[in-house]
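In: Return a 3D structure for these sequence lines:
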Amino acid sequence: MALTSNVGRTDRLARGVLGTVLLVAAALTFSSGSTAIAAVAGIAGVVLIVTAATQFCGLYAVLGMSTCPADRA
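Out: Below you'll find the predicted structure:
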């Protein structure tokens, strides 16, 4: 199965920004002692950054969605 790009430019930018914010929040939360919340935020941040970097979202693929322009989908 080929990983066809299904994350468009705006979606990619939003995922990158939100992923970074979640990683920073995870680091700050971890330092204050709330490790469970930090772990969830950290994992979510990493997933968002990876999907932004690869331009592929597995959930979008399962649901048949794409935010790419029509010529790239």
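
In: Please name the residues that touch G19.
Out: 44-49, 52 (C-beta atoms under 8 Å, 6 or more residues apart in numbering). For the C-beta atoms, the positions are set from N, CA and C on the backbone; glycine is no exception.

In: Flag every buried residue along stretch 13-20.
Out: Residues of stretch 13-20 classed as buried by neighbour count (16 or more other C-beta atoms under 10 Å): 15, 19.

In: Is A27 in contact with T35, as I believe?
Out: No: look at A27 against T35 with C-beta atoms under 8 Å: they stay out of range, at 11.7 Å.

In: OK, contacts around the most centrally placed residue in the chain?
Out: Centroid-nearest residue in the chain, with C-alpha atoms, centre = their mean: L48, separated by 1.2 Å. L48 makes contacts with 15-16, 18-19, 22, as judged by C-beta under 8 Å, 6+ apart.

In: So, low pLDDT: which residues of the protein?
Out: 1, 70-73 (pLDDT under 70).

In: what do you get if the cut-off is 80, keeping everything else the same?
Out: Applying pLDDT under 80 to the chain picks out residues 1-2, 70-73.

In: so where's the longest helix in this structure?
Out: Secondary structure of the chain per DSSP state H: the longest helix is helix 9-31.

In: so after that helix, what's the next helix or strand?
Out: Next along the chain after helix 9-31, taking DSSP states H and E as the criterion, comes helix 35-54.

In: which parts of that next one are buried?
Out: Neighbour count says helix 35-54 has 38, 41-42, 44-45, 47-49, 51-52 buried, by 16+ other C-beta under 10 Å.
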